[in-house]
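S.K.: The following block contains a protein sequence and its predicted model.
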Amino acid sequence: MKSSRILLISALLLVLPLAGKLPAQTKLSSRQLYSQFQNPDTRYRPFVRWWWNGDRVKAEELVRELHIMKDAGIGGVEINPISFPSGADTLDTKPLKWLSDEWIDMLKVVFDEAERIGMYCDLIIGSGWPFGAEDLPRNERAEVLLTYAREVPSGERFEMSLFNIFKEIDPGVTIVNPRRTPELVSICLAPDPMNGLEDAIDLSGKIEDGVLTVDIPEGKWQIYAMVKFESFASVINGAPGAAGSILNHMDAAAVRRYLDHMVDTIEARIGPLSGYVRAFFVDSMELEGNNWTSDFAEVFKARRGYDVLPWLPFTMFEVGRLGDVKSFEYGSKKSKKFQEEVDRVRFDFELTKAELLQDRFHKTFIDWSKGKGVKTRAQAYGRGFFPLESSLGLDFPEGESWTTNWLRHRIGEEMGDEDYRRGRGYTMINKYVSSAAHLVGNRVVSAEEMTNTYKVFTTSLEFLKVGSDMSAISGVTHSVWHGFNYSPLEAKFPGWVQYGTFHNERNTWWPYVKNLNDYRARIASQLQNADMYTDIAILPANYDMWTTMGVQTEPFPVKLNVPYTSLIWEAIHKTGGGADYVSEIILRDATVKNGKLCYGPKEYGTLFLVEITGTTPETLAKIEEFVRQGGRVFCVGKYPEKSLGFKDYESRDRSITEAVNRLKAYPDNFILLENPEDGKYLEWYEDVMVKYSLPHSISISDPDRYLLQDRYVTDDKSDFFLVMNAHLTEARETDITFPKNITSGKHAWIYDPARGTRTALKLDPSGKAHFRFGPAETYLIFFNKDGRSVRPVSPSKGLIPDRLFNRTSPVPVLAEGLEGPWDLTLHHPQLDSTWTARLDTLQDFKDMKDSSFVNFMGTVVYKGTFSVDGKNLPKFIDLGKVADICELKINGKDAGTEWFGERIYDISPYVKAGNNTIEVKVTTLMGNYMQTLKDNAASQRFVLRRNQPYVSAGLIGPVKLYR
């Protein structure tokens, strides 16, 4: 009766209007979890980034678009005002100024309608990224400190204006700020090479009327100048009223005033936002290199114990956009000892910056949001933030996953170890964000998915599925699609497009997008009600990177000191285990109990130190305690050998050496591992796992780069595994053995999130089953005490009986007619034209000579006939390659829709002896048609200027029958 009441309440919540606040999450039984799997609550459904393009919004259109998204299976919107797309026709619409009464009234329209139809709303802080405003006071704008270095002629009088220095060092930013003002902080002459600070000669007294004049001694010399730029950069893509200068995120008072001004202005007109908004959102903190604030030097001296200003010219590199390093070899060469000291000061500088951003921005934002009664969602990374700790206090920490980045990595086609980015949908930051969530027991980890600035019109639902599945493997449990553009119907095709995969009713695949959203919701409904099981911790060498290279732009660092770090957690998961990242701060604050490192709800019995060179005495002290109690530490590539930071470093270095020597007295627990010579980390880790009996929840007979898994544990101690094949065109087969501590006393199930169904799973007495995962397929393998109502099956005979069959030895059925001819009816929705054609054999449209096929977008209905012998009736039909979505009818009867993976159908209920009719409706992508729109701003920006290739289209085949 209690379960029935809970299910009834859950059902009622589905039809009641939603307020801004999420209802409290309750613990669910296995049966209730399956109910959610079948019909997920709104909270689990993907949200979407909703760009209010140029804030040229009207009430009727906002309501219309909300309903379109709701009908497509979207659970909530992130209201995101942004600049107007370049080149698009404004249609003489009026831009509403951010925080104006008219703009706030549009918010109220959306809040009221979203509540009425049962959707959630998040609201971005400011507009664009990083946030700021046109009317920010000068003392609240972001600042940057840059170093200028150039070689000067020997033995000559040198003359240079400060204007020239300022011009040459003018920061490379995305949006230049016309309000920027430079200020010379220091200037000196330094020999090349340098042996120490004492070599530098102060030149501040050599400046007159804005011109430096100095007699250069004989020898090799460099001029160094430190320049501070105030108001150095502008908000990227800010909407009217919220563009202008970037806010100084290292000024807590300025942050608080900004937040108060925004929300107080809104609430003064419509009342408390806690009744409307689920979460305040902060986009990725791409601060364009912001590294200074007025009291930085004072804070540094108080925290680090010395004056940083004399060191700064020599710790900084030549930088460009986003603060990315253009050259690590900048200025004078340095002696070994001086370089060591400069590197240590650089670490102290980066640490102080990260602390200020944590204390003055993140904590301010979190505390302020709590005071407003609204949850927090943020991408707490960028450049200079703690990559892990910054996500700890957030309600919804967020990462991001991309359809492709600037290297055009091919998701679903490659996943080698030579480059940690290749073929991965998730970015390197996701594992940090999800690890932070695991450390504090936070089950909701969102991601901006799948960020798209390249394949806007050629991204398929299948591609989005594979990318977001990979994101889930990295620990993400909730999708926020990137994105939906506000675009009135009267806007010229394809509409107002600022960014993102083209989530829009004008996209050919829009009638099918609910399949993807239902799929993501089903997975989220399970992941958000369980904890990822991880018992291995990984300490990346981030502090070493800060020391030698400075911080990098996350999630796309230009360079990493240990580029294979993410390959280690991947290898652990690909071989049946589970891992989280930790940090020196996490280890410092952890406790050791019974040979486990404990932090929050997590317990780790194994710790990997990945090429850690420098660390803290406090970190090694905790590691010593861990090892003495039986924990195991694996040092990959090297042992730690020195301390971090400058002050008293020689004595702290001795402490590190002594601690490492003590740890070496435990050779079975403090182990040095050599890196693989061939760079194959999956095979390397598999050998390490076997040799040292490293923990893993399941045994996978054939670990594979494309086969990924996570283990989760629910509140009622059920276990399930999220398993995916990340390859778009190839299947993967393996035996998986599940241990008795997982299977004992439990029923085994396979949950199919594409259909919302489950099938009982048959294991042999050892807990083993053979699995075949088709291309792009993902399943949940459950072990719970929920009673079974169906007969268990062996997955070697088809993972899900109504979906798959064993292709290792298929039995073909001969049939006449499947090779052709085919009669086609083509409908082009944009041209509003329909025509017919006949193909003798199936062909890829992009390879045909007729441009009406090559540049086609829309639906194609293929009709044909085939004849089969009554003694060998087929059970399955495989349509072969289809680009992109297909619906099948046999003898006029609907056999279903396939939008990813193998286009295989069970046709046994429909096929008959003799003649049969076949009808395949194919929906193609729209990118090939966009190639023809030479004068279209959106096409020029996302297709033509990028020289995008044509993509496959149509039913390509070969079509085959099997029994």
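M.R.: Received it, and whenever you're ready, just let me know what you need. Numbers count the residues shown, from 1 in each chain.

S.K.: so where's the chain uncertain?
M.R.: By pLDDT under 70, the weakly predicted segments of the chain are 1-21, 404-408, 788-810.

S.K.: Just want the most central residue of it.
M.R.: Centroid check for the chain by CA atoms, centre = their mean gives Glu400 as the closest residue, at 2.0 Å.

S.K.: Identify all contacting residues around the helix or strand harbouring it.
M.R.: Glu400 belongs to strand 396-402 when assigned by DSSP states H and E. With contacts defined as CB atoms under 8 Å, 6 or more residues apart in numbering, strand 396-402 is touched by 279, 284, 375-380, 391, 425-427, 429-430, 432-434, 436-437, 442, 444-452, 467-468, 470-471, 474, 476, 478, 480, 555. Glycine gets a C-beta too; all of them are placed from N, C-alpha and C.

S.K.: Strands of the stretch 501-650 of the chain, start to end?
M.R.: Along the stretch 501-650 of the chain, the segments classed as strands by DSSP state E, counting those that start in this stretch run 530-532, 536-539, 579-581, 591-593, 596-599, 602-604, 606-610, 614-615, 632-636, 642-643.

S.K.: ok, now the stretch 851-963 of the chain?
M.R.: Using DSSP E, counting those that start in this stretch, strands in the stretch 851-963 of the chain cover 859-868, 876-878, 881-883, 885-890, 893-898, 904-906, 914-923, 954-957, 960-962.

S.K.: Present the ones you listed as a markdown table; the columns should include mean neighbour count.
M.R.: Formatted as a markdown table, the strands of the stretch 851-963 of the chain follow (neighbours: other CB atoms under 10 Å):
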| stretch | mean neighbour count |
| --- | --- |
| strand 859-868 | 19 |
| strand 876-878 | 22 |
| strand 881-883 | 19 |
| strand 885-890 | 20 |
| strand 893-898 | 16 |
| strand 904-906 | 20 |
| strand 914-923 | 20 |
| strand 954-957 | 24 |
| strand 960-962 | 19 |
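
S.K.: And the ones you listed: which comes nearest Lys622?
M.R.: strand 893-898 (52.2 Å; CB to CB).

S.K.: What are the contacting residues of the closest one?
M.R.: Against strand 893-898 from outside (CB under 8 Å, 6+ apart): 512, 515, 879, 882, 885-889, 904-907, 909-910.

S.K.: And the residues you listed, which two are furthest apart?
M.R.: Largest pairwise distance in the contacts of strand 893-898, by CB to CB, is 23.0 Å, between Tyr512 and Pro909.

S.K.: before we move on, back to that, any idea which of the strands of the stretch 501-650 of the chain gets closest to Phe111?
M.R.: strand 530-532 (31.7 Å).

S.K.: Output the contacting helices and strands for the lengthiest helix in the chain.
M.R.: With secondary structure taken from DSSP state H, the chain has its longest helix at helix 336-356. Secondary-structure packing of helix 336-356 (3 or more CB pairs under 8 Å, 6 or more residues apart in numbering; DSSP states H and E): helix 296-304, helix 312-315, helix 542-548.

S.K.: and it, how far from the chain's centre?
M.R.: In this view, helix 336-356 has its centroid 29 Å away from the chain centroid, taken as CA atoms, centre = their mean, to the nearest Å.

S.K.: Tell me how far the following helix or strand past it lies from the chain's centre.
M.R.: Sequence order places helix 363-372 as the next helix or strand after helix 336-356, per DSSP H and E. Centroid displacement of helix 363-372 relative to its chain, using CA atoms, centre = their mean, is 25 Å.

S.K.: For helix 363-372, name the packing helices and strands.
M.R.: Contact partners of helix 363-372 among helices and strands, from 3+ CB pairs under 8 Å, 6+ apart: helix 252-270, strand 279-282, strand 375-378.

S.K.: Touching that helix from outside, list them.
M.R.: Under CB under 8 Å, 6+ apart, the answer for helix 363-372 is 125, 252, 255-256, 259-260, 263, 272-274, 279-280, 282, 375-376, 378, 393-394.

S.K.: Direction-wise, compare it with helix 252-270 and give the angle.
M.R.: Inter-element angle recorded for helix 363-372 and helix 252-270: 30 degrees (by axes from the mean of the first three to the mean of the last three CA atoms, to 10 degrees).

S.K.: Can you check what angle separates whichever strand or helix holds Phe111 from helix 252-270?
M.R.: Assigned by DSSP H and E, Phe111 belongs to helix 101-117. Angle, helix 101-117 to helix 252-270, by the same axes, to 10 degrees: 70 degrees.

S.K.: Kindly export helix 101-117 (C-alpha atoms) in CSV.
M.R.: Provided in CSV are the C-alpha atoms of helix 101-117 (Å, rounded to 0.1, in the frame of the first residue of the first chain):
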residue,chain,number,x,y,z
ASP,A,101,10.6,46.4,-17.5
GLU,A,102,9.7,45.0,-21.0
TRP,A,103,12.4,42.3,-20.8
ILE,A,104,11.3,41.3,-17.3
ASP,A,105,7.7,41.1,-18.5
MET,A,106,8.9,38.5,-21.1
LEU,A,107,10.5,36.5,-18.3
LYS,A,108,7.1,36.5,-16.4
VAL,A,109,5.4,35.3,-19.6
VAL,A,110,7.7,32.4,-19.8
PHE,A,111,7.7,31.6,-16.1
ASP,A,112,3.9,31.5,-16.0
GLU,A,113,3.5,29.4,-19.1
ALA,A,114,6.3,27.0,-18.1
GLU,A,115,4.5,26.5,-14.8
ARG,A,116,1.2,26.0,-16.5
ILE,A,117,2.5,23.3,-18.9
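
S.K.: What is it packed up against?
M.R.: Applying 3+ CB pairs under 8 Å, 6+ apart, one finds that helix 101-117 contacts helix 59-71, strand 76-82, strand 120-124, helix 252-270.

S.K.: Mind doing that once more with 6 Å?
M.R.: helix 59-71, helix 252-270 (3 or more CB pairs under 6 Å, 6 or more residues apart in numbering; DSSP states H and E).
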